[in-house]
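Enquirer: With the sequence up front, the predicted model follows.
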Amino acid sequence: MVAFFQTHLGDVFGYLVGYTLLVLAIVLPVLIGVAYAVYADRKIWAAAQMRRGPNVVGPFGLLQSFADGLKVFLKETIIPAGANKGVFLLAPMITFTLALVGWAVIPFSAELVLADINVGILYIFAVSSLGVYGIIMSGWASNSKYPFIGGLRSAAQMVSYEVSIGFIVICVVLWANSFNLSTIVEAQRGTVLGFINMNLFNPLLFPMAIMFFISALAETNRPPFDLPEAEAELVAGYQTEYSSMSFALFWLGEYGAILLMCALTSVLFLGGYLPPLDIPLLYVVPGFIWLLLKIAFMFFLFAWVFATVPRYRYDQLMRLGWKVFLPVSLFWVFLVSGYLMFVTPGHFQ
Amino acid sequence: MVEAIIFYMLAGIVLISGTAVILSKNPVHSVLWLILAFFNSAGLFLLLGAEFLAMLLVIVYVGAVAVLFLFVVMMLDIDFAELRAGFVSYLPFGLILAGVLAAELIVAAGAAALIGQPEMGVAAANVAAGAAASGDVSNTEAIGALLYTRYVYVFQGAGMILLTAMVGAIVLTHRQRGGVKKQNIMRQVARRPEDAVRITKPNTGEGVEL
């Protein structure tokens, strides 16, 4: 596609146009997905609390998110007098952009991937480790106590859980023998008993899948790890001083990051675009439908946890990250690499 | 053509943000400019085809080291005017340092040009990986093959030094305080209802023995 535009519009301009179109083809569905993720979230919490949830705007309340978006768009942007203006406005943009940038390497099917790079998983890891900047910058630039405490909490939390996420990812990478996300998905074809296309059912990787899910909750600041915005103590945490579109960008970025984490879990442990079982009949359904179903399932789990689990205390959060997850995942890297080295000879050739 | 444009864009941003690090009045802004410089040098690595190094630069320096940097600088209570006061007196010392660094860089580059490319980098890595001329080894594998064969002792030694520094920092800063109430998670989890709750059915007017 880029080559097509380069032949017609010239080298540089065609390159820009081609890639802009490709990026839009991913970003627009993701943004619509984010709108419906917010809606699904609210419906699931409502169901858990035996309420109806949003049901007024549009049929079944399906247009609620768009109505909210329009409302937020029309509000006045307030910048506190003591705020550091540039950083204050930059922070939500960073959060929002980083939530979208990671989607570039997600393989939607065997052929549908924008950037099929060798180090795809490292790229996503880098993007998610940058996510902390939006929060810590907003906390500092607001020049207010609650956002500042929220920002500091978030920085400590995200750095802690990144470590265990890194080791868990290494286990999967060792198993697939590649950093490339498409190769990681393909390595899951018939990985368990010859017909189950999921790392999740691999006994050695199953505990890692559970830990990855919990770390993903902590990494995206979702309950029970939503201490950066703990409303009972910090008003709204790092986003207390934000209003209008800058607030909406945080909101969109947060859900974009959650969906990205769901997609990453699907790719690493649920077989990505492959059907759950290696049966020819299931391959009739296109790959991106399977990926979509898996993302939706993971998102349901995220919402389910939100509705049922109470918030962690901060010291418990740090204990879980450093004293439980870090040693266990570190040990698991040794276990998995030892297994692959000695039980399956020739794996690393 | 496209590569050239991207290179000049990235290199330009690195230079501008590097200058802004030392010119901005607010130390937090300095750290943010530094992060931008890191990020764009990762982009330069990408242009060189060293995607593994680029990602590691972002993950380690931008994602972890610079976050802690920012963390500390934000917590500091700095008087900006006082910070700027000694600028002129530090200027000669700073210029000397910059001059020495620049001279060393020029000498190193000149030496490399004189004796030819030393045997290192991707070419040597390919030899180590057993794929000399074919060039079908990704640079992740090439780095791994080189790091864990030829430079394994240096690599492990560097790891040991880091570990020692970490243990040392903990030993130096950790102090045992007496009389602190702590939670014992093991005991809390091991607690059963039988240990904590007693169910009795006292007759009317008798009460319960506590």
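Expert: Right, received. Where do you want to start? Numbering: from 1, shown residues only, chains lettered A, B, ... in the order given.
Enquirer: where do the helices sit along the chain?
Expert: Here I'm looking at chain A. For chain A, applying DSSP state H gives helices covering A:2-9, A:11-48, A:64-74, A:85-101, A:120-141, A:145-176, A:181-186, A:206-219, A:231-234, A:244-269, A:287-308, A:314-319, A:326-342.
Enquirer: meant chain B, my bad for not saying
Expert: Using DSSP H, helices in chain B cover B:2-23, B:27-47, B:51-56, B:66-75, B:80-85, B:87-115, B:121-128, B:139-147, B:152-173, B:185-190, B:193-196.
Enquirer: got those helices as CSV, with mean pLDDT and distance to chain A columns?
Expert: Yep, even glycine has a C-beta here, placed from its N, CA and C like the rest. Shown next, in CSV, are these (pLDDT from 0 to 100; distance: least, C-beta to the nearest C-beta, whole Å):
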stretch, mean pLDDT, distance to chain A
helix B:2-23, 88, 5
helix B:27-47, 88, 6
helix B:51-56, 85, 4
helix B:66-75, 82, 5
helix B:80-85, 66, 12
helix B:87-115, 83, 22
helix B:121-128, 52, 14
helix B:139-147, 78, 6
helix B:152-173, 92, 12
helix B:185-190, 84, 7
helix B:193-196, 82, 20
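Enquirer: Now distance to A:F5 too, for those, in a markdown table please.
Expert: Formatted as a markdown table, those follow (distance: least, C-beta to C-beta, whole Å):
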| stretch | distance to A:F5 |
| --- | --- |
| helix B:2-23 | 12 |
| helix B:27-47 | 22 |
| helix B:51-56 | 25 |
| helix B:66-75 | 37 |
| helix B:80-85 | 49 |
| helix B:87-115 | 40 |
| helix B:121-128 | 32 |
| helix B:139-147 | 29 |
| helix B:152-173 | 45 |
| helix B:185-190 | 59 |
| helix B:193-196 | 70 |
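Enquirer: who are the neighbours in contact with A:V2?
Expert: A:14-15, A:18-19, A:22 (C-beta atoms under 8 Å, 6 or more residues apart in numbering or on different chains).
Enquirer: Show the buried residues in the residues you listed.
Expert: A:14-15, A:18, A:22 (16 or more other C-beta atoms under 10 Å in any protein chain shown).
Enquirer: now, which of those residues lie close to chain B?
Expert: A:Y15 (C-beta under 8 Å from any C-beta of the partner chain).
Enquirer: Let me know the closest of the buried ones among the contacts of A:V2 to chain B.
Expert: Distance to chain B across these (C-beta to the nearest C-beta) is lowest for A:Y15, with 5.2 Å.
Enquirer: In chain B, what residue lies closest to chain A?
Expert: B:G63 (2.9 Å).
Enquirer: residues in contact with that residue?
Expert: A:126, A:129-130, A:132, A:162.
Enquirer: closest to chain B among the residues you listed?
Expert: Of the contacts of B:G63, the one sitting nearest to chain B (C-beta to the nearest C-beta) turns out to be A:S129, at 2.9 Å.
Enquirer: you'd agree that closest one is up against B:L56?
Expert: No: the criterion here is C-beta atoms under 8 Å, and A:S129 misses it with B:L56 at 11.2 Å.
Enquirer: Neighbour count: these two, which is higher?
Expert: A:S129 (23 against 20; other C-beta atoms under 10 Å in any protein chain shown).
Enquirer: tell me the pLDDT at that one?
Expert: Note for A:S129: predicted pLDDT of 84.
Enquirer: So which of the helices of chain B is nearest A:H8?
Expert: A:H8 sits nearest to helix B:2-23 of all the helices of chain B, at 15.8 Å, using C-beta to C-beta.
Enquirer: Next, the angle from the closest one to helix B:87-115.
Expert: 150 degrees (axes from the mean of the first three to the mean of the last three C-alpha atoms, to 10 degrees).
Enquirer: Does anything pack onto helix B:2-23? Which helices or strands?
Expert: Helix B:2-23 makes packing contacts with helix A:11-48, helix B:27-47 when contacts are defined by 3 or more C-beta pairs under 8 Å, 6 or more residues apart in numbering or on different chains; DSSP states H and E.
Enquirer: May I see the buried residues of the first one?
Expert: I take that to be helix A:11-48. Neighbour count says helix A:11-48 has A:14-18, A:22, A:26, A:30-31, A:33-46 buried, by 16+ other C-beta under 10 Å.
Enquirer: Next: the shortest one.
Expert: Residues B:27-46 are the ones in helix B:27-47 that count as buried (16+ other C-beta under 10 Å).
Enquirer: Show residues contacting that helix.
Expert: A:84, A:87, A:133, A:137, A:140, B:3, B:6-7, B:10-11, B:13-14, B:17-18, B:20-22, B:24, B:51, B:53-55, B:57-58, B:61-62, B:66, B:69-70, B:73-74, B:76, B:78, B:80, B:83.
Enquirer: and the gap between the spatially most central residue of chain A and A:E76?
Expert: For chain A, the residue sitting closest to the mean C-alpha position, by C-alpha atoms, centre = their mean, is A:M261 at 2.3 Å. To A:E76, A:M261 is 33 Å away according to C-beta to C-beta, to the nearest Å.
Enquirer: B:A20: what's it in contact with?
Expert: By C-beta under 8 Å, 6+ apart, the residues touching B:A20 are B:29-30, B:33.
Enquirer: mind redoing it with 7 Å?
Expert: The contact partners of B:A20, taken as C-beta atoms under 7 Å, 6 or more residues apart in numbering or on different chains, are B:W33.
Enquirer: Which residues of chain A lie near chain B?
Expert: Counting by C-beta under 7 Å from any C-beta of the partner chain, chain A comes close to chain B at A:11-12, A:15, A:87, A:117-119, A:122-123, A:125-126, A:129-130, A:132, A:136, A:140, A:152, A:155, A:159, A:162, A:179.
Enquirer: Look up how far B:V171 lies from A:Y314.
Expert: Relative to B:V171, and taking C-beta to C-beta, A:Y314 is found at 25 Å.
Enquirer: Looking at the two, which is more packed in?
Expert: Neighbour totals were compared for A:Y314 and B:V171, and A:Y314 leads with 15 against 8 (other C-beta under 10 Å).
Enquirer: How many neighbouring residues does the residue lying closest to the more buried one once chain neighbours are set aside have?
Expert: Nearest non-adjacent residue to A:Y314, counting by C-beta to C-beta, 6 or more residues apart in numbering or on different chains: A:L227, 5.7 Å away. As a burial measure, A:L227 scores 23 neighbours (other C-beta under 10 Å).
Enquirer: A:L227 touches A:R153, doesn't it?
Expert: Yes: here A:L227 reaches A:R153: they are 5.1 Å apart, a contact under C-beta atoms under 7 Å.
Enquirer: What is the burial count for the closest residue to A:F167 other than its chain neighbours?
Expert: Spatial nearest neighbour of A:F167, excluding adjacent residues (C-beta to C-beta, 6+ apart): A:S329 at 3.7 Å. For A:S329, the tally of surrounding residues (other C-beta under 10 Å) stands at 23.
Enquirer: what's A:S329 in contact with, if anything?
Expert: Each residue near A:S329 by C-beta under 7 Å, 6+ apart is listed here: A:164, A:167-168, A:211.
Enquirer: Including neighbour count, could those go into CSV?
Expert: Shown next, in CSV, are the contacts of A:S329 (neighbours: other C-beta atoms under 10 Å in any protein chain shown):
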residue, neighbour count
A:S164, 27
A:F167, 20
A:I168, 27
A:M211, 22
